[in-house]
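Peer 1: Fold the following for me, if possible:
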Amino acid sequence: MKKLLGSSLVVVTVLGIGLIANKTFADQTIQGTSATVEVNGTLGADNTNPDSKIPEGDDNWINVTVPTSTIFYNTPTDSAVKSPQYSIVNNSGRPVNVFATSFTADASNVAPSDFNLTLKTVGTGTNAATNATTNLVTAGAINSSLNSQLITLANKDGKLTSAGTPTAGDNKATFTYGGSSSTTTMTQLKYNLGLTFKSVGW
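Peer 2: Here you go, the predicted structure:
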């Protein structure tokens, strides 16, 4: 099962209501006792539509699909950490920057002192990951100052700019976990990976 995340790590799709139109505003100078001001509004603005009147860079553009949970593992005969492949998909009408901003351990964790864990991010041939490898755990200790931009995902049509050429798949990245531990005793570990998203205006 997958969920939609907003920029503040809330598991929701963020939609704008009554947002300002994307247009150039001009002032008028009045010499008299009255003025008329045009009013434009959008209700139920669709953040998957590139033509929606949501201000550029506004977090209401964010509409991203990520997993609700992930796993990693190794075996007593193979110290290398492995995992399935997971996806991050941008459903928005604008590009989105994806960051890994926190990695926290469950209070019951007892990680082996030789345990290392990395987050491996893969983009496409035309939209590579900003940071292909991010250290999450080193020698059993979590990276408490994590702040790594993983990738900029194109909008749902595969466009990174308004004038850019759409490239299918550039709105998607995949990730896996890597690392190692030589422990031969089965050890259950639980962490939470915090992802943050930032809308990219064009």
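
Peer 1: and F72, how many neighbours?
Peer 2: As a burial measure, the neighbour count of F72 was computed by other CB atoms under 10 Å and equals 18. C-beta here means a position set from N, CA and C on the backbone, and glycine is covered the same way.

Peer 1: what's the distance between A141 and F72?
Peer 2: Distance check for A141 against F72: by CB to CB, to the nearest Å, it reads 17 Å.

Peer 1: just A173 next, same as before
Peer 2: From A173 over to F72 the distance is 18 Å, taken as CB to CB.

Peer 1: quick one: the strands in this protein?
Peer 2: Per DSSP state E, the chain has strands spanning 2-5, 64-67, 73-75, 78-82, 86-90, 96-105, 116-122, 133-138, 141-142, 148-153, 172-180, 191-199. These are given in chain order.

Peer 1: any idea of the pLDDT on the spatially closest residue to L119 that is not a sequence neighbour?
Peer 2: Setting aside the residues directly before and after it, L119 is nearest to T134 in space (CB to CB, 6 or more residues apart in numbering), at 4.3 Å. Taken from the predicted model, the pLDDT recorded for T134 is 98.

Peer 1: Could you shift the numbering so residue one becomes 23, and keep it that way?
Peer 2: In the new numbering, first residue 23, that becomes T156.

Peer 1: Tell me if I'm right that T156 and S124 touch.
Peer 2: No. Taking contact to mean CB atoms under 8 Å, the distance of 11.8 Å between T156 and S124 leaves them out of contact.

Peer 1: Between these two, point out the one with more neighbours.
Peer 2: Residue environment comparison for T156 versus S124 gives the larger neighbour count to T156, 23 against 18, counting by other CB under 10 Å.
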